[in-house]
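Chemist: Show me the folded form of this:
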Amino acid sequence: ETWVSHNLAMIPEVAKECKRRGLKFGVYAMCYLTMSKQQVAGYEYARDIKDGELYDTRAISLRDPKRAHDVARLLKSWSRMPGVDYVGLDYIRNALGGYELAEQFFAEMPGVAPPEEWPRMSEEQRIMWFARKKIARRDKALVDAWQWWRAHKVALIVRQIKREVGEDFPLWAFTLTWDKGWHHGQDPVMMNDAGIDADALMLYEATKEQFDAMIGD
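Modeler: Numbering: from 1, shown residues only. Below you'll find the predicted structure:
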């Protein structure tokens with residue numbers, strides 16, 4: 001099944017208790033990284049490279065059109081529950097890899113070009129070439145373009161989810177903060193442009209001194 005159903009039954013109960021205590025209540029979904037040890041049927045999974053071999057990660061691919069719709073449908077059902085004040089998104093990115101997006105990246109991103117032998121490569125060869133090129137991190141312009149393009153793709157997914165959930169219902173997203181989220185295919189400005197009402201910056205690896213300084217800033 002798409003979602004861990006025994007968690008879902010608790011939501012109305014917790015919402016009711018929060019309301020009794022005068023608390024606002026929000027619920028969020030794990031979007032693209034799945035906790036399942038087995039792949040959920042009907043989705044395309046993100047691909048990464050290890051020991052020179054491609055493998056499927058636990059994250060659903062950002063190019064899978066079904067996933068964004070399924071997430072939006074889940075959030076919309078929560079938004080209609082009495083006592084639910086906010087809905088949110090977590091792992092609105094590929095946790096690892098995502099190199100199956102290489103062909104789309106080159107087709108859409110200005111200023112970057114694949115190698116001359118690209119038309120003669122198979123899909124797997126293209127993914128392998130791009131993964132090695134990105135992991136090596138010698139071509140900094142390519143890496144920067146990849147991070148920008150992936151963040152833009154995430155923002156378009158968020159825009160779709162916001163539209164399907166409803167423009168008026170409060171929606172938040174978690175954003176990792178290493179180098180402004182760029183290393184993970186996220187960007188706070190793009191998130192806001194996409195319609196996020198609150199971008200929750202994740203600062204959990206900061207020391208107390210660093211945390212206090214960031215809150216001050």
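Chemist: burial measure for residue 62, as a count.
Modeler: Neighbour count of residue 62, defined by other Cβ atoms under 10 Å: 24. For every residue, glycine as well, the C-beta is placed using N, CA and C.
Chemist: pLDDT at the residue nearest to residue 178 when sequence neighbours are not counted, what is it?
Modeler: Among residues not flanking residue 178 along the chain, residue 184 sits closest, at 6.9 Å (Cβ to Cβ, 6 or more residues apart in numbering). Listed pLDDT for residue 184 reads 85.
Chemist: Please list all residues in contact with residue 184.
Modeler: 93, 176, 178 (Cβ atoms under 8 Å, 6 or more residues apart in numbering).
Chemist: what does residue 16 give?
Modeler: 82-83.
Chemist: which SS class is residue 190?
Modeler: helix (DSSP: H, G, I helix; E, B strand; the rest coil).
Chemist: buried ones in the strand ranked longest in the chain?
Modeler: In the chain, with assignment by DSSP state E, the single longest strand is strand 53-60. Buried residues in strand 53-60, counted by 16 or more other Cβ atoms under 10 Å: 57-60.
Chemist: now, which of those residues sits nearest residue 200?
Modeler: For those, the minimum distance to residue 200 (Cβ to Cβ) is 19.7 Å, reached by residue 59.
Chemist: hey, where'd the strands end up in this structure?
Modeler: 26-30, 45-50, 53-60, 86-90, 171-176, 198-202.
Chemist: Quick check: residue 175 vs residue 129, distance?
Modeler: 30 Å (Cβ to Cβ, to the nearest Å).
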